[in-house]
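Colleague: This is the structure alone, sequence omitted:
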């Protein structure tokens, strides 16, 4: 018996009003589906091209059947906001904004994944998605001579919530701080005065919480006299650069790889130690497709002695496949065998393994617990990517390390 579908014209009007205007541009060509990272995961049917049509008809998440409704809601929250579809759309349809508008309605009615409800609640109550105490936000820097930000400093360093609270990601922030200190960069941190940038929570659809977070940071930055912000996370970078100005923010923002390259060119830091490593760099969606920062991370890596930088054929730069952490995906517990990150890390490993075979390094050598393992690295420039790839490498038992550009650069100094 076919599932009963309810047509609700008011849904279309509400979604369009909340940012889904591009619905009217879509003519169902399907190019968005061909480049969606979910298209690379065999077990997942994700017909994203249907969403604008469903919006026009007012049938988004409108089923009266409980199980069917749950499937529809899950589908809406599968979009990881990577913008591969935006890049390829002949009409410039911004499908992630349509998804965000739909999510705003679902969040208002409490119809969204329980993992995301917990994330939103923690952001609202503690100012970070992990629920860590505000007074411990700067603990990652406790053993380093990192100063508190003052208005005469050039940069406020904004570490991102994950490097502030997650033990593994803290290494990214510490490596960045070591580089800045060695180069004599004028910078400081605000610690418990700041809160999450709010990028994920806005894409999840919790607009009110995002505005609370953004207002807090903008007011805090202004009171502290912040003129320039340096970020580790591309998510923070794009949010500060593109979204905070909507609410009156006037500071400049730089991603750390941009500053690293500037420091190297000006001889403020000189990579000397050879790392003897083959490296594949993964382009984060926010840094690459959304902000066109492709070359700076690569140039930083190329400056490191003994590092051989490799590219993933056909899936590099603007064609990079999302790790799945964007759009709130890093907080959703998708089944491990149904994640886009598995596809991406396997691509990276295949490139490294192929190059190893050309150098007569056998598969047996790669899987043995010896020094050869440490020569194969997936380099990242995003805390979300770090978490997603490390989890995947463990589950798939792949013998490669995942390291941030900041960690690799700090090691070479």
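Modeller: Yep, that arrived. From a predicted model like this one, the values you see are computed outputs, not experimental measurements. Numbering: from 1, shown residues only.

Colleague: all helices for the stretch 101-250 of the chain, in order.
Modeller: 114-126, 161-165, 167-183, 199-204, 207-224, 234-238 (DSSP state H, counting those that start in this stretch).

Colleague: List the contacts of the last one.
Modeller: With contacts defined as CB atoms under 8 Å, 6 or more residues apart in numbering, helix 234-238 is touched by 158, 160, 197, 199-200, 231, 253-255, 284-287, 290-291, 293, 326, 381-382, 384. For glycine as for every other residue, the C-beta is placed from the backbone atoms N, C-alpha and C.

Colleague: what does the longest one give?
Modeller: Contacting residues not belonging to helix 207-224 are listed as 104, 107, 120, 123-124, 127, 149-151, 156, 190, 193-198, 201-202, 229, 243-244, 247-249, 251 [CB under 8 Å, 6+ apart].

Colleague: ok, 6 Å please
Modeller: Helix 207-224 is contacted from outside by 104, 120, 123-124, 149, 193-196, 198, 201-202, 244, 247, 249, 251, using CB atoms under 6 Å, 6 or more residues apart in numbering.

Colleague: So, low pLDDT: which residues of the stretch 51-200 of the chain?
Modeller: 62-64 (pLDDT under 70).

Colleague: Return the residues in contact with residue 258.
Modeller: Residues near residue 258 by CB under 6 Å, 6+ apart: residue 296.

Colleague: Next up, phi/psi of it, please.
Modeller: phi -70, psi -40 (degrees, to the nearest 10).

Colleague: For the protein, which segments count as strands?
Modeller: For the chain, the strands defined by DSSP state E cover 155-158, 187-188, 228-231, 252-255, 277-281, 307-310, 376-380, 401-404.

Colleague: Domain parsing of this structure, as residue ranges.
Modeller: Domain segmentation of the chain under automatic domain parsing yields 9-112, 127-262, 269-412.

Colleague: Next, the contact list for residue 41, please.
Modeller: residue 340.

Colleague: Which ChimeraX command selects the buried ones in the contacts of helix 234-238?
Modeller: The buried subset of the contacts of helix 234-238, as determined by 16 or more other CB atoms under 10 Å, is captured in ChimeraX by this line:
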select :158,160,197,199,200,231,253,254,255,284,285,286,287,290,291,293,326,381,382,384
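
Colleague: tell me the two of the contacts of helix 207-224 that are most distant?
Modeller: Pairwise distances across those (CB to CB) peak at 33.5 Å, for the pair 104 and 149.

Colleague: shaky segments in the stretch 201-350 of the chain?
Modeller: Applying pLDDT under 70 to the stretch 201-350 of the chain flags no residue at all.

Colleague: Swap in 90 and give it another go.
Modeller: Residue ranges of the stretch 201-350 of the chain with pLDDT under 90: 333-338.

Colleague: residue contacts, the closest residue in space to residue 238 that isn't next to it in sequence?
Modeller: Spatially, and ignoring its direct neighbours in sequence, residue 238 is nearest to residue 286 (4.5 Å; CB to CB, 6 or more residues apart in numbering). Shown here is residue 286, whose contacts under the criterion CB under 6 Å, 6+ apart are 234, 235, 238.

Colleague: Tell me, how many residues neighbour residue 295?
Modeller: 12 (other CB atoms under 10 Å).

Colleague: and the gap between it and residue 229?
Modeller: As judged by CB to CB, to the nearest Å, residue 295 and residue 229 stand 22 Å apart.

Colleague: Nice, that's everything, thank you.
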